[in-house]
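Engineer: just the structure for this:
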Amino acid sequence: MDLLVAARPGRGCTVVEVRGDLDMATSPQLREGVERLIGAGDRRVVVDLTSVGFMDSSALGALVTAFKAVRDAGGRLCVAGPQQPVRSVFAITSVDRVVEVYDTVAAAEAGLAGE
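Structural biologist: Numbering: from 1, shown residues only. All right, here's what the predicted structure looks like:
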């Protein structure tokens, strides 16, 4: 399955909708998309993983790199809606202790707005 990455305005943030599998071949697309947002001045980013069924370690690395880039630019990046297999990758690697993981995009938007 091809990866689709699209950004849209959210409530006080930018939501990056991701559809497909995140792996070594597709994760650069996500990283580059977030880098473009930072370059455009976006500082609050929600990565919507609701439609991602699989994520490997290279994709996790791309998300951590994106998280650091947003943080270094003075912003926040969080993840929303991961399905159980993807959520397990965050938990097993303890990345969920660094990158905030929300059940829904609405919860993530509220979390970013509450800072």
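Engineer: how about the contacts made by the residue nearest the centre of the chain?
Structural biologist: Within the chain, one residue has its C-alpha closest to the average C-alpha position: by CA atoms, centre = their mean, that is Val47, at 2.9 Å. Counting by CB atoms under 8 Å, 6 or more residues apart in numbering, Val47 touches Val16, Val18, Leu30, Val34, Leu63, Ala66, Leu77, Cys78, Val79, Ala80. (Each C-beta comes from the backbone N, C-alpha and C, glycine too.)
Engineer: repeat the analysis, applying 6 Å as the threshold.
Structural biologist: By CB atoms under 6 Å, 6 or more residues apart in numbering, the contact set of Val47 is Val16, Val79.
Engineer: name the helix or strand for it, please.
Structural biologist: Taking DSSP states H and E as the criterion, the element that holds Val47 is strand 44-51.
Engineer: next SSE after the helix ranked longest in the chain?
Structural biologist: Taking residue count as the measure and DSSP state H as the definition, the longest helix of the chain comes out as helix 57-72. In the C-terminal direction, the helix or strand that comes right after helix 57-72 (DSSP H and E) is strand 76-80.
Engineer: ok, then the element right after that following strand?
Structural biologist: Sequence-wise, the next helix or strand beyond strand 76-80 is helix 84-93, with elements assigned using DSSP H and E.
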